[in-house]
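>>> Sharing a sequence plus its predicted fold:
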Amino acid sequence: MGPAGPVGVVLPPLAGVGAGNVAQPATDPEAYLQSGGAIPNGTTLGIGRIREGGVSIGALLRALRTDTDSNVIAEPQFLALDNEEVSFTDGQEVPLLSGFTTSLGSGGQGGQFPGLNLNPIQSVNREQIGTTLTITPQINDGGTMTLDISLESSELTNSTGDANSRITTKRMLDTKVRVEDGQTIVLGGMVRNVSLRNETRVPFLGRIPLIGELFKTRGSERQQRMLMVFIKPTILHDATQTGNTTRTKYNLIREQQIRQGERRELLPLLPGTTQPQLPEMEQVPNPVQPAPAPGATTTPVP
């Protein structure tokens, strides 16, 4: 997350010159200023054409700032037995290009090898992208727990690598901690700050003081990523505590479904239909504890 945006003047090529602009693809700015033309995002000032001796010059002053903030919280919850490994995965399998080969066939014409047909073959592998959490709990004396934790988080980026395949970023955490019952602790984290700047200018003209600002385009981008991992284990001692915890989570989901079904639409797209809802959870009575056995009595012998 962070701000990003270009600032500068975009000069399209002179009329009659078949060359692209080094700062921007050749575009006639007059087209944006015609009646009914849509001005692109970030354009704050523009002029059409200045004609002098048949030479056409166009210019656009562009200033654009984009702020992007994101806050993603993953809160997996699961139940595990003592000394038994439990794994939770939230993600998707993404096809990624892993290789490229060419096979030779017959029947083709042309090229350097007439009579041969080149058949390109792409190799694709599916990779798990998302969050995977694996925990092995061990309950100790005194109400403490030892947790063997393995966490892996991966995501796709907008960059491409070899074979024009998407690049993935991966973060991993392997640790073993001891924690009290119901205690929240931080396992680890990372703060990453990235600052990028770029400048595109016309050769020679872009280096002239003051005037050179008319022949260049500058851009800057600042990114900040924060990743923190917390955990709060709780020991469920009996069936009553387990049932209460399950009922709390169950009712939370059911209340969300009820609120969604209460929305009123002026023109319902599906009249007469109801939103699916979980049934109300039945109250299970607590198990009856067996009565303690009466103590042994002795009768004195006269």
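Yes, it's here.

>>> longest strand of the chain?
Longest among the strand segments of the chain by residue count, using DSSP state E, is strand 116-139.

>>> what helices or strands is that one leaning on?
Applying 3 or more Cβ pairs under 8 Å, 6 or more residues apart in numbering; DSSP states H and E, we find strand 116-139 packed against strand 86-106, strand 144-160. In this view, the C-beta of every residue, glycine as well, is placed from N, C-alpha and C.

>>> Tell me the buried residues in it?
Glu127, Ile129, Thr131, Thr132, Leu133, Ile135, Thr136, Pro137 (16 or more other Cβ atoms under 10 Å).

>>> all helices of the protein, in order?
In the chain, the segments counted as helices under DSSP state H are 30-33, 239-261.

>>> thinking again about what came up before, what pairs with the longest strand of the chain, parallel or antiparallel?
strand 86-106 (antiparallel), strand 144-160 (antiparallel) (DSSP bridges).

>>> So for the first one, what gets flagged as buried?
By 16+ other Cβ under 10 Å, the buried positions in strand 86-106 come out as Val94, Leu96, Leu97.

>>> export those residues to CSV and tack on pLDDT and distance to Phe230?
Shown next, in CSV, are the buried residues of strand 86-106 (pLDDT from 0 to 100; distance: Cβ to Cβ, whole Å):
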residue, pLDDT, distance to Phe230
Val94, 84, 28
Leu96, 78, 31
Leu97, 76, 37
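
>>> Please convert those to a markdown table, extending it with distance to Arg254.
Shown next, in a markdown table, are the buried residues of strand 86-106 (distance: Cβ to Cβ, whole Å):
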| residue | distance to Arg254 |
| --- | --- |
| Val94 | 33 |
| Leu96 | 39 |
| Leu97 | 44 |
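
>>> And those residues, which is closest to Gln223?
Among the buried residues of strand 86-106, Val94 lies closest to Gln223 (Cβ to Cβ), at 22.5 Å.

>>> Confirm for me that that closest one is in contact with Asn125.
No - applying Cβ atoms under 8 Å, one finds Val94 not in contact with Asn125, separated by 9.6 Å.

>>> Now for Thr273, how many residues are close by?
Thr273 sits with 8 neighbouring residues when counted by other Cβ atoms under 10 Å.

>>> Phi, psi for it please.
phi -100, psi 150 (degrees, to the nearest 10).

>>> so how far is Ile149 from it?
Distance from Thr273 to Ile149, counting by Cβ to Cβ, to the nearest Å: 44 Å.

>>> what bridges to Ser150?
Assigned bridge partners for Ser150, using DSSP bridges, are Thr134, Asp174.

>>> ok, it - contacts?
Leu133, Thr134, Ile135, Met172, Leu173, Asp174 (Cβ atoms under 8 Å, 6 or more residues apart in numbering).

>>> Which pair of those residues spans the longest distance?
Those two in the contacts of Ser150 that are separated most widely, counting by Cβ to Cβ, are Ile135 and Met172, at 14.6 Å.

>>> Same list (the strands paired with strand 116-139) but as CSV, adding distance to Ala239.
Below are the strands paired with strand 116-139 laid out as CSV (distance: least, Cβ to Cβ, whole Å):
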stretch, distance to Ala239
strand 86-106, 19
strand 144-160, 20
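
>>> Worst mean pLDDT among those?
The minimum mean pLDDT among these belongs to strand 86-106 (a mean of 78).

>>> Pull the residues that contact it.
74, 76, 78-80, 115-137, 154, 156, 163-166, 168.

>>> hmm, try it at 7 Å
74, 76, 78, 80, 115-135, 156, 163-166 (Cβ atoms under 7 Å, 6 or more residues apart in numbering).

>>> Please, where are all the strands along the stretch 201-302 of the chain?
216-231 (DSSP state E, counting those that start in this stretch).

>>> Quick check: the nearest residue to Leu173 once chain neighbours are set aside vs Ile211, distance?
Using Cβ to Cβ, 6 or more residues apart in numbering and skipping the chain neighbours, the partner closest in space to Leu173 is Leu151 (4.3 Å). Using Cβ to Cβ, Leu151 is found at 55 Å from Ile211.

>>> Compare the two (neighbour count), which wins?
More neighbours surround Leu151 than the other of Leu151 and Ile211, with 19 against 10 (other Cβ under 10 Å).
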